[in-house]
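Enquirer: any chance you could fold what I've pasted below:
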Amino acid sequence: MGVIPYEYLYFAGKSSEDFDCHISGSGTFDNPQRDISNVSVPGRNGDLHVDNGRFNNIEIVYPAFIVNNFRKNYDALKAFLTSQRGYKRLQDSYHPDYYRLAMFTGRLDPKLTTLNRAASFEICFDCDPRRFLVSGENTVDIPSSGEIYNRTRFEALPLIRAYGTGSMTVNGTTAQITIADGYTDIDCELQEAYKGSTNCNGNIVLTGGKFPVLSPGLNEITFTGITKLEVTPRWWTI
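Expert: Predicted coordinates for the structure are as follows:
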């Protein structure tokens with residue numbers, strides 16, 4: 001019989017294996033809830049459900065354990081986790097094709113074994129509801145007008161690097177770039193245009209003030225004047 005491999009997570013650029021800490025993925029299969037407002041109308045049976053067009057954050061809990069050099073490894077892990085602020089990238093060996101944006105929120109409460117040589121505990125993260133596909137980080141080069149196919153059921157908010165000046169249209173949403181120093185990054189998640197640390201919002205004009213999105217299915221992309229597009233699609237699912 002072969003040795004059963006231990007599972008692990010990556011958070012903020014470090015692996016739990018760096019602390020000889022291993023996990024169970026039993027808490028990683030839950031889905032987030034839609035943000036729904038219930039409205040009660042006098043004289044009408046039942047509630048009205050108002051969909052607010054978003055999902056709520058989800059808590060992801062990893063049962064974890066350390067069986068070697070507990071005191072040293074636990075102290076190092078605790079210091080690392082509690083030193084992190086804001087959302088960081090979270091992946092685990094159960095779902096290698098996905099990652100989350102997560103913030104460590106829980107206190108660690110280890111259950112020690114005899115002689116305090118090992119312990120089990122839970123590592124809790126408050127997560128953005130989206131599970132991002134690692135494949136969505138791959139840049140798609142579009143040297144001329146073309147198409148991108150979104151295989152998920154959710155609209156993606158891409159990062160688009162446009163070279164030169166001119167206009168581009170994604171599914172009927174047009175962005176006109178009037179000034180460019182080589183290229184302009186259009187971040188549809190942040191709703192910002194920039195090059196490096198330079199803000200370029202004043203150099204683009206958007207149809208109806210809307211940034212492009214990549215809808216489920218086929219997305220048509222055309223452009224004129226601009227010499228090339230590089231699209232990082234940022235696919236995600238639940």
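
Enquirer: give me the mean pLDDT for stretch 210-228.
Expert: Mean pLDDT, stretch 210-228: 97.

Enquirer: ok, now stretch 133-147?
Expert: 95.

Enquirer: ditto for stretch 167-187
Expert: 96.

Enquirer: from residue 205, how far out is residue 14?
Expert: In this structure, residue 14 and residue 205 are 43 Å apart, going by C-beta to C-beta, to the nearest Å. To be clear about C-beta, it is placed using only N, CA and C from the backbone, and glycine gets the same treatment.

Enquirer: who's more crowded, those two?
Expert: residue 14 (15 against 12; other C-beta atoms under 10 Å).

Enquirer: ok, for the more buried one, nearest residue in space, not its chain neighbours?
Expert: Spatial nearest neighbour of residue 14, chain neighbours left out: residue 80 (6.4 Å); criterion: C-beta to C-beta, 6 or more residues apart in numbering.

Enquirer: contacting residues for the one you found?
Expert: Listed by C-beta atoms under 8 Å, 6 or more residues apart in numbering, the contact partners of residue 80 are 12, 14, 19.

Enquirer: what's the separation between it and residue 16?
Expert: The spacing between residue 80 and residue 16, counted by C-beta to C-beta, is 10 Å.

Enquirer: for residue 79, same thing?
Expert: 14 Å.

Enquirer: how about the helices in the protein?
Expert: 70-83 (DSSP state H).

Enquirer: now the farthest one out in it, which residue is it?
Expert: residue 43 (43.3 Å; C-alpha atoms, centre = their mean).

Enquirer: so what pairs up with the residue lying closest to residue 142 once chain neighbours are set aside in the strands?
Expert: Take residue 142 and drop its neighbours on the chain: the residue closest to it by C-beta to C-beta, 6+ apart is residue 229, 4.2 Å away. Residues in a beta bridge with residue 229, per DSSP bridges, are residue 142, residue 162.

Enquirer: neighbours of the residue nearest to residue 170 when sequence neighbours are not counted, just the number please.
Expert: Nearest residue to residue 170 in three dimensions, chain neighbours excluded: residue 212, at 3.6 Å (C-beta to C-beta, 6+ apart). The number of residues packed near residue 212 is 24, by other C-beta under 10 Å.

Enquirer: residue 212 and residue 65, how far apart?
Expert: Taking C-beta to C-beta, one finds residue 212 at 46 Å from residue 65.

Enquirer: do the same with residue 163
Expert: According to C-beta to C-beta, residue 163 stands 51 Å off from residue 65.

Enquirer: ok, now residue 221?
Expert: 48 Å.

Enquirer: just residue 77 next, same as before
Expert: Counting by C-beta to C-beta, the gap from residue 77 to residue 65 is 11 Å.

Enquirer: quickly list what's touching both of the two.
Expert: residue 21.
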